[in-house]
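Novice: please find the sequence and the predicted model below.
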Amino acid sequence: MKQFSDKLRSYAELLLRKGVNLQPGQRLFVRKAPVEQAEFVRILSETAYRMGARHVKLFWADDRITRTRFELAPEDSFSEYPTHQTDALVEGARRGDAFISITGADPSLLDGIESRRVTEAVRAENHAMNEFRSYSMRNAVNWLVAAVPTSGWARTVFPRLAAKNAVERLWKQIFHLCRLDLDDPIEAWEQHAAGIARRTRHLNAKQYRELHYSAPGTDLTVSLPERHEWHGVGSRTPSGIVFIPNIPTEEVFTLPHCRHVSGTVAATRPLAISGRTIDEFQLRFEHGRVVEISARVGEDCLRETIDTDPGAARLGEVALVPDSSPISRSGLLFHNTLFDENASCHLALGRAYRFCLQDGEHLSSDAFFERGGNSSMVHYDFMIGSNQLDIDGVTADGSSESVFRSGEWAF
Ligand code: ZN
Ligand code: ZN
């Protein structure tokens, strides 16, 4: 068995080679690098320099310092966001740099903090990040979201373990779910990608006009815009860099028509938004807009999220993931979107990916909206998959075909 430090090294290699696909001479930005896992960040940086990185720029994050800020900083400070960071990101995007964003903060970090503070801070961050995101949402740059455990996150996933053991267990899970315990992880990723590409081609050839979802608490019809494109695993920048924006990833996804969604959908897993949890919730849509909300946990937070801007009340993503995915099979609830969304079919409230429409990258915002694409400052995935979910695809001539049965691919 490989040593832990070897595993960290192969994880760094996977993220840099298959994930962001760092090119020799590129600069690399690493956002939200956790202070707690400085050792991994050092390995990641070293690997990047060995691959020919010109400069590795780190933006560090620390859960305890974040919490302290929310407890002690003055009320009127939460609308501020460090623009030197966002300016640097935008400058880097213009220059064609590579970007890794690390996820793994304690999902309940901000429990008990006055919600006004959190809402303001989230709004400020979304606003400040908007310009940079317009690059990543178009795949104008090679980017990646990947996870590194913090003790707060690990203890949420494994509440019965002491912090140190929980972090070890979570690393082990991440290695497993990223296929790093196989002999040749890079080869394993290539096979996995080929399987997803097959599904994607099938769905693209079908060009379903509509998807119909049914499950307990769910009876939802989602129209798909004309000339939508399904995507999975591989993305490509205009300069031809092929990258995988999320590791791990199991999903095949496209965009819905943001004005033609109707019916009710029930979430099947909790949704964590900026350190707060929303659970057991249901949304009802009319003409693409959320018109009714109910949640057993975090209803206020859900309402605030949906009120962020007009696009936050509409859908921007439909994603298909079989219930037998490795993440789902792990039986764990990660309280982290990167993992939980890859365990389950999901939808997202908020902005749509431009590249999910043919020629979408070149459309003006108005033209994108006209063709059914949603725009918003936010993008929140929520899970709706289970072994009771059936999905039918309606073709152009109105006939209905099975896409999912009992949570699994039906073709
Ligand atoms: Zn997704
Ligand atoms: Zn998403």
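Specialist: Thanks, I have the structure now. Residues are numbered from 1 along each chain as shown. Ligands and ions are numbered 1, 2, ... in the order given.
Novice: where does pLDDT dip in the stretch 151-300 of the chain?
Specialist: In the prediction, the stretch 151-300 of the chain carries no residues with pLDDT under 70.
Novice: for it, what lies in contact range of ligand 1?
Specialist: Residues of the stretch 151-300 of the chain found near ligand 1 (CB under 5 Å from the ion) are 251, 253. All C-beta atoms are positioned from the backbone trio N, CA, C, and that covers glycine.
Novice: one more pass at 8 Å, please.
Specialist: Residues of the stretch 151-300 of the chain lying close to ligand 1 by CB under 8 Å from the ion are 246, 251, 253.
Novice: which helix or strand contains the residue of the stretch 301-411 of the chain found nearest ligand 1?
Specialist: Of all residues in the stretch 301-411 of the chain, residue 319 sits closest to ligand 1, at 3.9 Å by CB to the ion. Residue 319 is part of strand 315-320, with elements assigned from DSSP states H and E.
Novice: how near is the residue of the stretch 301-411 of the chain closest to ligand 1 to residue 67?
Specialist: In this structure, residue 319 and residue 67 are 32 Å apart, going by CB to CB, to the nearest Å.
Novice: which one's more surrounded, the two?
Specialist: The residue with more neighbours, out of residue 319 and residue 67, is residue 319; 24 against 19, by other CB atoms under 10 Å.
Novice: check the burial of residue 257 by counting its neighbours.
Specialist: 22.
Novice: tell me if stretch 219-228 is near ligand 2.
Specialist: No - using CB under 8 Å from the ion, stretch 219-228 never reaches ligand 2; the gap is at least 14.6 Å.
Novice: quick check: residues of this structure near ligand 2?
Specialist: Within the chain, the positions lying close to ligand 2 (CB under 8 Å from the ion) are 253, 316, 317, 319, 337, 341, 346, 348, 379, 380, 381.
Novice: let's see that with 5 Å instead.
Specialist: 317, 348, 381.
Novice: tell me which element the second one falls in.
Specialist: Assigned by DSSP H and E, residue 348 belongs to strand 346-350.
Novice: ok, back up a step: from the residues of the chain next to ligand 2, which shows the smallest pLDDT?
Specialist: Ranked by pLDDT, those bottom out at residue 381, which scores 94.
Novice: how about the contacts made by that one?
Specialist: Residues near residue 381 by CB atoms under 8 Å, 6 or more residues apart in numbering: 271, 317, 319, 337, 341, 346, 347, 348.
Novice: that one in helix, strand or coil?
Specialist: Secondary structure, DSSP: H, G, I helix; E, B strand; the rest coil: residue 381 is strand.
Novice: show me the beta-bridge partners of it.
Specialist: residue 348 (DSSP bridges).
Novice: so how far is residue 27 from it?
Specialist: From residue 381 to residue 27 the distance is 29 Å (CB to CB).
Novice: still on that earlier bit, what would the residues of the chain next to ligand 2 look like in TSV with distance to residue 87?
Specialist: Below are these laid out as TSV (distance: CB to CB, whole Å):
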residue	distance to residue 87
317	28
348	27
381	28
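Novice: ok, so of these, who is nearest residue 58?
Specialist: Nearest to residue 58 out of the residues of the chain next to ligand 2 is residue 381 (CB to CB; 26.5 Å).
Novice: for the closest residue to residue 52 other than its chain neighbours, what are phi and psi?
Specialist: Spatial nearest neighbour of residue 52, chain neighbours left out: residue 24 (3.0 Å); criterion: CB to CB, 6 or more residues apart in numbering. Main-chain torsions, residue 24, degrees, to the nearest 10: phi -60, psi 130.
Novice: residue 143 now?
Specialist: Given degrees, to the nearest 10, the pair of backbone angles that residue 143 has is phi -140, psi 160.
Novice: my guess is it contacts residue 97. True?
Specialist: No - counting by CB atoms under 8 Å, residue 143 does not reach residue 97; the two are 9.6 Å apart.
Novice: mind checking which of the two has more residues around it?
Specialist: residue 143 (26 against 23).
Novice: how about residue 315: what's its closest non-neighbour residue?
Specialist: Nearest in space to residue 315, with sequence neighbours left out and distances taken as CB to CB, 6+ apart, is residue 256 at 4.7 Å.
Novice: in this protein, which strand is the longest?
Specialist: strand 276-286 (DSSP state E).
Novice: buried stuff in it?
Specialist: 276, 277, 278, 280, 281, 283, 284, 285 (16 or more other CB atoms under 10 Å).
Novice: and stretch 164-176, by the same measure?
Specialist: Buried residues in stretch 164-176 (16+ other CB under 10 Å): 166, 167, 168, 169, 170, 171, 173, 174, 175.
Novice: narrow those residues to those in helices?
Specialist: Those of these mapping onto helices are 166, 167, 168, 169, 170, 171, 173, 174, 175, per DSSP state H.
Novice: wait, what's in contact with the closest residue to ligand 2 within the stretch 1-150 of the chain?
Specialist: Closest contact between the stretch 1-150 of the chain and ligand 2, by CB to the ion, is at residue 145 (10.0 Å). The contact partners of residue 145, by CB under 8 Å, 6+ apart, come to 100, 101, 102, 103, 245, 246, 247, 338.
Novice: touching stretch 291-302 from outside, list them.
Specialist: 115, 270-271, 273, 276-285, 303, 306.
Novice: give me the distance between the two termini of it.
Specialist: Terminal residues of stretch 291-302 are spaced 13 Å apart (CA to CA, to the nearest Å).
Novice: alright, I will stop here.
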